[in-house]
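1. Starting from these lines, generate the structure:
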Amino acid sequence: MDSRSLERALRADPLLVLPVGALEAHGPHLPLAADQIQAEGTALAIAPRVGALVAPAVAYGSCPTASGFPGTVSLSIAQLEEHVVGVLSEFARMGFRRILVLSGHAERGHMAALREAADRVRREHKGVRLLVLSDYDFVYELRGELAPPTDGHGGLLETSRVLHLAPTLVGAERPVVPDRGSPFVPGAPDATTWPESVVGDTRPASAAIGERVQAHVLARLEETVRAQLPRSS
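-> Next up is the predicted model:
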């Protein structure tokens with residue numbers, strides 16, 4: 001979009017979707033940029049349904065849990081927060097009043113940084129409304145239905161979703177990693193607990209399951225946006 005087209009579009013109070021990814025290991029079968037691929041794919045799919053514009057993605061996140069695996073780039077929580085404050089502040093300055101921060105990465109510290117950044121921008125730019133969520137808030141609603149309750153990072157649901165969104169980027173291996181972790185143990189898991197950056201049995205993964213997952217995400221996301229970020233009257 002060129003500058004003058006954006007200027008005209010702003011008159012209609014468009015929703016802006018800011019996808020946020022991460023560059024981190026997702027086992028031997030998924031690309032390092034799986035989180036960005038999912039966030040961007042979801043943003044581009046939801047945009048015409050809710051009248052949104054999609055910003056270029058924030059490509060890096062805070063992912064210390066996977067920092068021991070090759071390819072992972074993990075910002076500190078403070079670094080991520082400051083970067084996102086800068087990006088959101090600029091969009092608020094140019095006139096966006098409804099912003100959805102949509103993260104494909106759901107690690108707790110990462111999401112806390114995004115929420116704090118959005119809250120700072122909300123307080124500094126009166127009249128700007130923001131939502132911060134991960135698409136995995138909706139994906140994991142399907143645990144116990146399309147996947148075992150313990151399915152997690154790089155597991156059946158995520159592998160299926162990437163098979164649907166970017167099938168040529170998914171490798172042939174299908175790791176099986178039981179969930180041995182605990183949310184109460186601080187720090188990154190060791191190699192015994194987490195030999196791959198995967199939780200779950202990926203062998204049943206398929207693009208067909210991924211299509212069902214993505215349809216659920218889009219329906220829940222549209223419902224949430226319409227309820228929480230309606231266009232100003």
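
2. the strands in this structure, which residues?
-> Using DSSP state E, the strands of the chain run over 15-20, 52-54, 98-103, 129-134, 176-177, 200-201.

3. Take the ones you listed and lay them out in CSV including mean pLDDT.
-> Compiled in CSV, the strands of the chain are given as follows (pLDDT from 0 to 100):
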stretch, mean pLDDT
strand 15-20, 98
strand 52-54, 98
strand 98-103, 98
strand 129-134, 98
strand 176-177, 94
strand 200-201, 96
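
4. In JSON lines: these, plus mean neighbour count and distance to residue 73.
-> For glycine as for every other residue, the C-beta is placed from the backbone atoms N, C-alpha and C. JSON lines is the format used below for the strands of the chain (neighbours: other Cβ atoms under 10 Å; distance: least, Cβ to Cβ, whole Å):
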{"stretch": "strand 15-20", "mean neighbour count": "25", "distance to residue 73": "14"}
{"stretch": "strand 52-54", "mean neighbour count": "19", "distance to residue 73": "23"}
{"stretch": "strand 98-103", "mean neighbour count": "26", "distance to residue 73": "15"}
{"stretch": "strand 129-134", "mean neighbour count": "20", "distance to residue 73": "18"}
{"stretch": "strand 176-177", "mean neighbour count": "16", "distance to residue 73": "22"}
{"stretch": "strand 200-201", "mean neighbour count": "22", "distance to residue 73": "24"}
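
5. Quick check: buried residues in stretch 154-173?
-> For stretch 154-173, a neighbour-count test (16 or more other Cβ atoms under 10 Å) marks 154-166, 170 as buried.

6. taking these one by one, which sit in helices?
-> By the criterion of DSSP state H, membership of these in helices covers 156, 157, 158, 159, 160, 161, 162, 163, 164, 165.

7. just how off-centre is stretch 112-127 within its chain?
-> Distance of stretch 112-127 from its chain centroid, counting by Cα atoms, centre = their mean, to the nearest Å, is 18 Å.
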